[in-house]
Each structure stands twice: as C-alpha cells, then as structure tokens.
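>>> Could you look at this predicted model? Sequence included:
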There are 2 protein chains.
Amino acid sequence: MLSKKTKYALHALTYLGRHKDEKTVLIQEIAEEHGISHKFLENILLELKKAGMLGSKKGKGGGYYLIKEPKDIPLSKVIRLLDGPIALLPCVSLNYYEPCEECKNEAVCGINKVMIQVRDETLKILENKSLEDILNKE
Amino acid sequence: MLSKKTKYALHALTYLGRHKDEKTVLIQEIAEEHGISHKFLENILLELKKAGMLGSKKGKGGGYYLIKEPKDIPLSKVIRLLDGPIALLPCVSLNYYEPCEECKNEAVCGINKVMIQVRDETLKILENKSLEDILNKE
DNA sequence: CATAAACCCTACATATTTTATAGGGTTTAT
DNA sequence: ATAAACCCTATAAAATATGTAGGGTTTATG
C-alpha cells in the first residue's frame, strides 16, 4: 500500500495539473483542499521539487507549479521518490538494492528469480501510467 | 516491499515443497535452516494452515506438510494472507476495501480510477506466479 | 526599502505497525 | 505415562510513518 506521503504527493500533483493555467498555486490552498497539514505537505512538495517535477517561486504571489507535462510524470517516479522501492524484495530492487538478511545465496534463490520477473512486469505497469492518466479520468 | 512474515512464509513453503516426499517437516528444522525464531515461524505456519495451504500432524513424528500442489499456491494468496492488500490504495482493494480518509468523492477521483487499473494488472502477475515457479528456478 | 508573503531547513515528538518474546496449554504417537 | 509437537493469548521491543515546532531565507510589492 502507498504511504500517505505518496498519496498526498499524487493529490498535490493532480491539483497542480488541474490548475496549470494559473502561474503558481499556494501550499496552503492544496493543504486545505485535501485536509493535509501545511508543514507536512511542504516537505513533500520540496521533495517533488528536488526531483525535478515541480518548480517554485518565492515571495508574494509565489507558489508551486508543474514543470513537466503530466504525461511525463509516471507513477513509478512518484512512488519511488516518496515510498522507496517498487520491488517486493530488497534483493531485487533496481534503485534500492540490498541483500536479504535471511538469504544465504541469492544466486540459487528461486524466490529471488521469481521476484525479478514480478518486478519487471510491475514496473511496466507503473511506468506506463502517468499523471495525465489520472487527470483524464476525473 | 514484503514483510518478513511474508518472506518467511515463502521460504517455509519453498522448503516444504522441496521436502514433499517426507511426510512431515518440523518447525524447528525450517526455523534453523533460515535463522527464524521458532515461535515467530510457528505463528506464520498456523496462518498458512488456517488458510488451507498446509496440513499438520500432532504428536511425536508430527510436523507440517503441503496439502496443495505448488502450482496451486499463487503468490497473490500468500501475500494477501500475511501482508494484506495487494492494491496500492485501500479504496481499490478487493479483499480489504476501505475508503481513503482524505478523499472527498471516490466516484470522481482519477487516482482511484487509475489505481483500479494498476490493481487489476498487478493481480494478473501475482496470480500467475506460484510456488511451483519458485521451485523450478532453484 | 520595509514588510509581508511564501519558500526552505533542521530537529524533535507522536502514533502505528512490524517483529518478535514469553509462558503456558493441548493433542497425539510410542 | 511421557515426551514430542502443535496451538493459543498476551505483552514487549524495534522500526517506520506521520506529524509538529520553530525559525531562517528569499522575493514581490507598495
């Protein structure tokens, strides 16, 4: 299941996608709309900004805005950023690899092999769904 | 990511699958093989038993054994049992449905719609991989 | 050029979930 | 009879997710 962080990120991105014509949107506005704490949401938006999905403008009249086309923001990217690995096991994660503690020999582990397949097929799904798909379904 | 419970369950099922010819296998044996606490593993095996995947025999010479063909134990079933929902959001879970707290109106939520698609495609993957696939890859 | 609006950062606090541990009771084969 | 193994409930430690607090920095505007 997705963490609240990721859910909030998706809601915020969706909100920004809906308000693309306006130059910037206030944190406060998104927070109130979705009942999220201002400060918590701020952290999330900063992460999204650092990851290159959002831009921001300081000072009076400032706020956040999308700097990519919604079709260029895949779910996989958002989930990885806020929730971490998409793989079901650390030993098959592409971006967050770690050996499994309880595993003696990864090279001969059937679970490992099957989970690599699961990962690849799951990735295909999440890379092919984007913010645009969400916006189109509203 | 899968919880340790689910990982241990997969290891235990795999172990039992490899020792199908023996009538029963001791908890202790599986626990030692994988460095799992006896008691913790016991809980997991009990859950698997209640779910109809394992059988057990009490008394001297007792233990656990598979009561299904490995091909009839899909990953989806093991994951659901120990980890809960496969869906990424409670509002799109087939087996553990709950409305999302922060969602005002599920009927018009694009995130919900897209996550239903993700769930269906993910399920296809996990229902088509079974214990047999793991055993075959060893 | 002062000031208010908004972004940016660090550290800490609370709540929830995961991962066990403890201890004892029940069933069954020999 | 007894030892081996399953079965159950409650509690505790550890890790993670979630949220707060407080203040500093940048910038548009009057």
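Perfect, thanks for sending it. Residues are numbered from 1 along each chain as shown, chains lettered A, B, ... in the order given.
>>> how about A:L126, what does it touch?
For A:L126, the contact set (C-beta atoms under 8 Å, 6 or more residues apart in numbering or on different chains) comprises A:74-76, A:79, A:86, B:118. To be clear about C-beta, it is placed using only N, CA and C from the backbone, and glycine gets the same treatment.
>>> out of those, who's nearest DNA strand D?
A:I79 (11.8 Å; C-beta to the nearest atom of the strand).
>>> what helix or strand is that closest one on?
helix A:75-83 (DSSP states H and E).
>>> buried ones in that helix?
A:75-83 (16 or more other C-beta atoms under 10 Å in any protein chain shown).
>>> State which helix of chain A is the longest.
Criterion DSSP state H: the longest helix present in chain A is helix A:110-128.
>>> immediately after that helix, which helix or strand?
helix A:131-136.
>>> Enumerate the residues of chain A near chain B.
A:1-2, A:4, A:7-8, A:10-11, A:14, A:34-36, A:75, A:79, A:84-85, A:87-90, A:100, A:102, A:108-111, A:113-114, A:117-118, A:121-122, A:125-126, A:129, A:133-138 (C-beta under 8 Å from any C-beta of the partner chain).
>>> residues near the closest residue to A:H11 other than its chain neighbours, how many?
With sequence-adjacent residues excluded and distances taken as C-beta to C-beta, 6 or more residues apart in numbering or on different chains, A:H11 is closest to A:H34, at 5.1 Å. For A:H34, the count of nearby residues is 17 (other C-beta atoms under 10 Å in any protein chain shown).
>>> Correct me if wrong: A:K20 contacts A:L66.
Yes - taking contacts as C-beta atoms under 8 Å, A:K20 lies within contact range of A:L66: 6.2 Å.
>>> Same drill for the two, tell me which one is more crowded.
More neighbours surround A:L66 than the other of A:K20 and A:L66, with 19 against 13 (other C-beta under 10 Å).
>>> what bridges to the more buried one?
As for beta bridges, A:L66 partners with A:L54 under DSSP bridges.
>>> doesn't A:L13 make contact with it?
Yes - contact criterion C-beta under 8 Å: A:L66 and A:L13 qualify, at 7.4 Å.
>>> list the residues that contact both of those two?
With C-beta under 8 Å, 6+ apart, A:L66 and A:L13 have common neighbours A:53-54, A:73.
>>> quick one: which of those has the most company?
With neighbours taken as other C-beta under 10 Å, the top of these is A:I73, carrying 24 neighbours.
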